[in-house]
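Q: generate coordinates for the sequence data below:
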Amino acid sequence: MSVYPVQGFGRQQGKGKGVLMPKMKVEVFTLDIETEFVLGTILDVTRQGHFGDGKIAVIPVDDVIRIRTGEKGAKAVF
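A: Residues are numbered from 1 along each chain as shown. Model (predicted):
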């Protein structure tokens, strides 16, 4: 998991139209079998029902290689 302070804009109740607002970007990398659990956990913790709660994008990863050891696939994830 990585967390970054970022700036962006969207529909925050009419605030910030075209003006960059401070936000947080969280990237979580997980195995396919853990995806639903991770998504559910993120939603349970972050959903408040307000504008600005955020979005989740699920993006497939074709392969992973640990540079130090050359391990590939699931072995390289953890």
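Q: which residue, neighbours along the chain excluded, lies closest to the spatially most central residue of the chain?
A: Taking C-alpha atoms, centre = their mean, the centroid of the chain lies closest to residue 27, which sits 3.6 Å from it. Nearest residue to residue 27 in three dimensions, chain neighbours excluded: residue 2, at 4.7 Å (C-beta to C-beta, 6 or more residues apart in numbering). Bear in mind the C-beta positions are built from the backbone N, C-alpha and C, glycine included.
Q: isn't the one you found up against residue 24?
A: No: between residue 2 and residue 24 there is no contact under C-beta atoms under 8 Å: 10.8 Å.
Q: for the chain, what spans make up the helices?
A: Ranges of helices in the chain, per DSSP state H, are 35-46, 74-77.
Q: can you point out the buried residues in the first one?
A: If I follow you right, that is helix 35-46. Neighbour counts over helix 35-46 (16 or more other C-beta atoms under 10 Å) mark residue 38 as buried.
Q: could I have the CA atoms of that helix written out in CSV?
A: Extracted C-alpha coordinates of helix 35-46, given in CSV (Å, rounded to 0.1, in the frame of the first residue of the first chain):
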residue,chain,number,x,y,z
THR,A,35,-9.4,-8.2,-4.2
GLU,A,36,-13.1,-8.4,-2.9
PHE,A,37,-11.9,-8.5,0.7
VAL,A,38,-9.7,-5.4,0.2
LEU,A,39,-12.4,-3.6,-1.7
GLY,A,40,-15.0,-4.3,1.0
THR,A,41,-12.6,-3.1,3.7
ILE,A,42,-11.8,0.1,1.9
LEU,A,43,-15.5,0.8,1.4
ASP,A,44,-16.4,0.0,5.1
VAL,A,45,-13.7,2.3,6.4
THR,A,46,-14.0,5.2,4.0
